[in-house]
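Engineer: next come a sequence and a model predicted from it.
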Amino acid sequence: MKIRVQIDEKFFDVEVGDLSSNPVTTVVDGEVIKVWLDAGEAPAAAAPVVKAAPVQVAAAPAPRPASAPVTGDKSKQVVAPIPGTILAVAVKEGQEVSFGQELATLEAMKMKSAIRANRAGKIAAIRVSAGDKVSQNQALMDYAD
């Protein structure tokens, strides 16, 4: 269901997903937001008017500082090949990885791409997390050596 919402003087285009699920997945001006409905208050799927139920708002994780594009030696870092959004990070800091191992998943233009290790080594630092928007050549992870 698509609706237009006005808050103060600003309008938002909202696409509401399956109302029988909890959380309900919504898209607000292109950003995916999950909304948890209180138990027993989910609106009927066929109801033309939806009464908003109280929602639980989870605190957003502290943003990581954006890293600048890598211009020099890239052998000590894993960089984003194209701009996009990080969907998942498959490794942890301190983990040993092998050449070609999947480190993260990047989505760009509705296409998912695996970001793979460009060499074997130990991951010293992870600079991104799921949901982060990254630019081309932005450092995603650092190798220990």
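Structural biologist: Yep, that arrived. Quick caveat, the model's predicted, so the values are computed rather than measured.
Engineer: surely N22 is in contact with K34?
Structural biologist: No: the criterion here is C-beta atoms under 8 Å, and N22 misses it with K34 at 9.4 Å. Backbone N, C-alpha and C define where each C-beta goes, glycine included.
Engineer: how about low-confidence regions in this structure?
Structural biologist: Per-residue confidence for the chain (pLDDT under 70) gives these ranges: 37-75.
Engineer: which parts of it are strands?
Structural biologist: For the chain, strands defined by DSSP state E occupy the ranges 2-7, 10-16, 24-28, 31-35, 77-79, 84-89, 96-97, 102-108, 111-116, 121-126, 133-134, 139-143.
Engineer: turn these into JSON lines, columns for mean neighbour count.
Structural biologist: Output for the strands of the chain, formatted as JSON lines (neighbours: other C-beta atoms under 10 Å):
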{"stretch": "strand 2-7", "mean neighbour count": "9"}
{"stretch": "strand 10-16", "mean neighbour count": "13"}
{"stretch": "strand 24-28", "mean neighbour count": "15"}
{"stretch": "strand 31-35", "mean neighbour count": "13"}
{"stretch": "strand 77-79", "mean neighbour count": "21"}
{"stretch": "strand 84-89", "mean neighbour count": "18"}
{"stretch": "strand 96-97", "mean neighbour count": "16"}
{"stretch": "strand 102-108", "mean neighbour count": "18"}
{"stretch": "strand 111-116", "mean neighbour count": "14"}
{"stretch": "strand 121-126", "mean neighbour count": "16"}
{"stretch": "strand 133-134", "mean neighbour count": "18"}
{"stretch": "strand 139-143", "mean neighbour count": "20"}
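Engineer: in space, not sequence, find me the middle residue of this structure.
Structural biologist: Compute the mean C-alpha point of the chain, and by C-alpha atoms, centre = their mean the closest residue is G131, 1.6 Å away.
Engineer: could you chop the protein up by domain?
Structural biologist: Following automatic domain parsing, the chain resolves into domains at 1-58, 77-143.
Engineer: which non-adjacent residue is nearest D18?
Structural biologist: Setting aside the residues directly before and after it, D18 is nearest to V24 in space (C-beta to C-beta, 6 or more residues apart in numbering), at 6.9 Å.
Engineer: quickly list what the one you found is bridged to.
Structural biologist: For V24, the beta-bridge partners are V35 (DSSP bridges).
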